[in-house]
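J.: Quick one, what's the 3D model for this:
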Amino acid sequence: MRNHARKLALFATVLLTPIALAEGTRTWEQSKFDDLTKGTASGVAIRSVGGLELAPAFKALYTAPSTYLWSIASDEAGNIYAAAGAPARVYRITPDGQASTIFEPTELQVQALVVDQHGVVYAATAPDGKVYKIERTSPAREDGSKPSSPDRSKGQVDPNWTSSVYFDPGTKYIWDLAFDGAGNLYVATGDRGELYKVTPKGEHSVFFKSDESHLRVLALDSKGNLIAGSDGSGLIYRIAPSGAGFVLYSAPKKEITALALDASGNIYASAVGEKRPVASIAPGFGVPGTVAPPPAPAVVGPAGGVTLNPTQPVAGPMVAFPAPGVGATGGSEIYRIAPDGSPRRLWTSREDIVYALAFDTQGRLLAGTGNRGHIFAIRNDDDFSDLLKAGSSQVTAFAKAPGGGLYASGSNLGKIFVLGPAPQNEGSYESDVFDAKIFSRWGRADFRGAGNVDLFARSGNVDNPDRNWSPWKKINLQEGGQTDIPAARFVQWKAVLHSGSPAPRVDSVTLNYLSKNVAPDIDDVGVQVGVRYQPLPKPLGGGADLSGSGANPAQPHFEPPVPTTRDHDSIGVKWVAHDDNDDQLVYSLYYRGDGETRWLLLKDDLTDKFYSFDASLLPDGGYTFKVVASDAPSHSPGEELTAEKESPRVEVDTTPPQIQNLNASVESDKIHVAFRAVDAFSSVKRAEYSIDANDWQYVEPVGQIADSKTENYDFRVAVPAENGSGPAAPAAAKTKKNESQPVEHVVVVRVYDRFDNMSSAKTVIRGK
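T.: Numbering: from 1, shown residues only. Here you go, the predicted model:
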């Protein structure tokens, strides 16, 4: 997502997320860039500031046998020359789409080309790069015969063109070529980062040496300076006619992929790749070679290390080749360097890789991208248009076309397109499918825009419009805008823009709908004894609660966890409920004891999905709880719907067991203790004793198994020693020394029921 588009989306979310509770008629509005890009545009551009407009005229002129077209140039007659790979060729395409092969090298790729003012083509190959001079032979031969015609069906090289090696720099890669006004050819190379100058006489020299490995792109400014972009540190150089270089800008990304200069002296540059070590570099794109790759290789395109279409047929075996941008991650950025040298980031994308930059007749900067094959028109920092999607995965280059238009080349498939300059006569846009979640009635459509625009709508009950939806229904915007489409769960709208004055424009489309009310759903009711729930904070301004009631149906619900504390004397009831209409819900909580027939109200008008209360309000026994949910707050009186659900049976016991008939006596050297534990509701679980404040000791009931509401205990233990470890032992010892004083023992017992209610009792054994 682009930076400013992300800001707009966040702003829209803040504005459009309803703080009122969901009820009644609802709307589905589409106007923002991020929403509109989910639809399908044909001949329609999507504005970053929102809305739709006609795109420039765009058509495919030629589909090449080669998979990749790396560079294109045009002559004054409007003929196009295309540098291709897989297979490596140079094609000549006339303005009416007739094509011929004029050069086929032994190298793997024709990477770049330029055409001079005499129509001579200079093409650079890679790897083991050379610059070839390709020129047309005389149209009439000395014997008076006409030039022969190649067999285009067999891909033969046109015999009317000849080629020769014009310059061999002895380097592996040649990335770009450029002519200056004096006819000097500049050659940007890789491996050693050298820029060569070749004079019209064929004399050559190293014009500039960079400390980068690759000089990737070249452009010439109005003062005769060369502008060069590198791969490695993402440097943009200005190289004077003397060969002196100056770094204008070090981009945040590693590789400069395209350059364009406007009439005001601004330099525009695109860049890809993160400036950090890449753990693994993707293999190169498929080109003819002698080494076969492993099965199902990744095929990498001309920038960004992004996978091209591996199913596209490629002639011959494949071998790795370091195409421009291989291994790049993190999308693309475009920068503008002002005439005073100050840089500014103009555009950014996480999804699109920029391969080419050019200007249209309106002065807009066009960016050809992949790997979705989009062309963007960039007006300013926060103003751009997604113009169109080409029939290729990558738009790799631009060249001038007759009448003010532009040629564009595509890779995977290798194609030549003609762009503009006039807008399309007609374009259409289909929105994405909107899911109302519930069977709904569709009302009016609200339209904002201008010009000649037709609006249509259709509906259906499956998410695929091709599966028996209603037909498109034209909406009469002059007579109320009723959609008149069948009630259904899903809906879609379409706009058809017709050229005219004023220019057609769609700013926003809003569909009104009313969902059929359905009863709430209670998914689960749980009860916990010994738990207390803490109230949740309420949102400021009385908006929709945090539990999700009344939230926007298009956004996920968020239910924060309920703060919980342990409290032996409390009972907590919690439930899970939702409403498919996203209505606000209110709850009532009831309870019923075992053997009872009437539900008793415990609490009503609850908006939270939980409630806790004092357990002592209920006598010991078995209980069932029931939650009743109502959507009454979102509907007129009498139109509300309810749902209810019961909890599993739970047992409540807050009364401790009783200790009866506690007796203790000294028999010889033993203390004999007997007592009975009785609980009115649950079984007695555990009993313990302590003598003279010593540690608690577990004791089994008579019969050993504690499984009854009444348990008898009868046991004997040794009389504690006078020097025992308990706190009463010293006092007992002192008492022993005074034989006139009787010896006493304190016996304490305690018992627990199954719900951990506890009671205790004590008795004193007085000595004789």
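
J.: May I see the buried residues of the host helix or strand of N512?
T.: In this structure, N512 sits in strand 505-515 according to DSSP states H and E. Counting neighbours by 16 or more other Cβ atoms under 10 Å, one finds that the buried residues in strand 505-515 are R505, V506, S508, V509, T510, L511, N512, Y513, L514, S515. Using the backbone N, CA and C atoms, a C-beta is placed for each residue, glycine as well.

J.: For the fourth one, give me its contacts.
T.: Put plainly, it is V509. E29, Q30, S31, S431, A445, D446, F447, R448, L455, W493, A495 (Cβ atoms under 8 Å, 6 or more residues apart in numbering).

J.: The first one and A41, how far apart?
T.: Distance check for E29 against A41: by Cβ to Cβ, to the nearest Å, it reads 18 Å.

J.: now do the second one
T.: Q30 sits 13 Å away from A41, taking Cβ to Cβ as the criterion.

J.: Below-threshold pLDDT in the stretch 451-600 of the chain: ranges please.
T.: Across the stretch 451-600 of the chain, the ranges flagged by pLDDT under 70 are 538-558.

J.: what do you get for the chain?
T.: 1-23, 138-155, 276-329, 538-558, 722-742, 768.

J.: Can you point out the buried residues in the lengthiest strand in the chain?
T.: As assigned by DSSP state E, the longest strand anywhere in the chain is strand 434-450. By neighbour count on 16+ other Cβ under 10 Å, the buried set for strand 434-450 is F434, A436, I438, S440, R441, W442, G443, R444, A445, F447, G449.

J.: can you redo those as a markdown table with distance to S210?
T.: As requested, the buried residues of strand 434-450 are arranged in a markdown table below (distance: Cβ to Cβ, whole Å):
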| residue | distance to S210 |
| --- | --- |
| F434 | 53 |
| A436 | 59 |
| I438 | 63 |
| S440 | 63 |
| R441 | 67 |
| W442 | 62 |
| G443 | 65 |
| R444 | 63 |
| A445 | 58 |
| F447 | 55 |
| G449 | 51 |
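
J.: from these, which single one is nearest D756?
T.: I438 (47.4 Å; Cβ to Cβ).

J.: Distance of that closest one relative to Y249?
T.: From I438 to Y249 the distance is 55 Å (Cβ to Cβ).

J.: cool, and V650?
T.: 71 Å.

J.: Between the two, point out the one with more neighbours.
T.: Y249 (20 against 16; other Cβ atoms under 10 Å).

J.: quick one: that one and R336 touch, right?
T.: No. Contact criterion Cβ atoms under 8 Å: Y249 and R336 do not qualify, at 10.0 Å.

J.: Touching both of the two, which residues are there?
T.: P343.

J.: how about the buried residues of strand 434-450, which pair is most distant?
T.: I438 and G449 (29.3 Å).

J.: just to revisit the earlier point, does anything pack onto the longest strand of the chain? Which helices or strands?
T.: Applying 3 or more Cβ pairs under 8 Å, 6 or more residues apart in numbering; DSSP states H and E, one finds that strand 434-450 contacts strand 26-30, strand 452-460, strand 488-498, strand 505-515.

J.: List the neighbouring strands of the last one plus their orientation.
T.: Translated: strand 505-515. strand 26-30 (antiparallel), strand 52-54 (antiparallel), strand 434-450 (antiparallel) (DSSP bridges).

J.: among these, which is nearest D340?
T.: Closest among these, using Cβ to Cβ: strand 52-54, at 33.6 Å.

J.: Name the residues that touch that closest one?
T.: Here strand 52-54 has contacts from 36, 41, 43-47, 385, 423-424, 426-427, 429, 449, 495, 497, 499, 503-506, using Cβ under 8 Å, 6+ apart.

J.: and this protein, what are its domains?
T.: In terms of domains, the chain is parsed into 3-55+427-449+459-515, 59-423, 521-652, 658-766 (source: automatic domain parsing).

J.: for those domains, which one ends up most surrounded?
T.: Of the domains of the chain, the one with the most neighbours on average (mean count of other Cβ atoms under 10 Å) is domain 59-423, at a mean of 19.

J.: quick one: the helices in the chain?
T.: All helices of the chain, identified by DSSP state H, fall at 3-16, 33-36, 729-737.

J.: ok, the buried residues of strand 434-450 vs A632, which is closest?
T.: I438 (18.1 Å).

J.: who are the neighbours in contact with the closest one?
T.: Going by Cβ under 8 Å, 6+ apart, I438 touches R489, S515, K516, V518, D580, N581.

J.: and the gap between A422 and A503?
T.: Counting by Cβ to Cβ - A422 and A503 are separated by 12 Å.

J.: Please apply the same query to N464.
T.: 34 Å.

J.: do I80 as well
T.: From I80 to A503 the distance is 30 Å (Cβ to Cβ).

J.: Over to H118?
T.: 41 Å.

J.: Repeat that for R344.
T.: Using Cβ to Cβ, R344 is found at 30 Å from A503.

J.: of all the buried residues of strand 434-450, which comes closest to T125?
T.: Nearest to T125 among the buried residues of strand 434-450: G449, at 50.7 Å, using Cβ to Cβ.

J.: got a list of what the closest one touches?
T.: Residues near G449 by Cβ under 8 Å, 6+ apart: G51, L52, P504, R505, V506, D507, S508.

J.: wait, isn't A57 in contact with Q424?
T.: Yes. Applying Cβ under 8 Å as the test, A57 and Q424 come out as touching, 5.4 Å apart.

J.: Counting neighbours, go ahead and name the busier of the two.
T.: Between A57 and Q424, Q424 has the larger neighbour count (other Cβ under 10 Å), namely 21 against 18.
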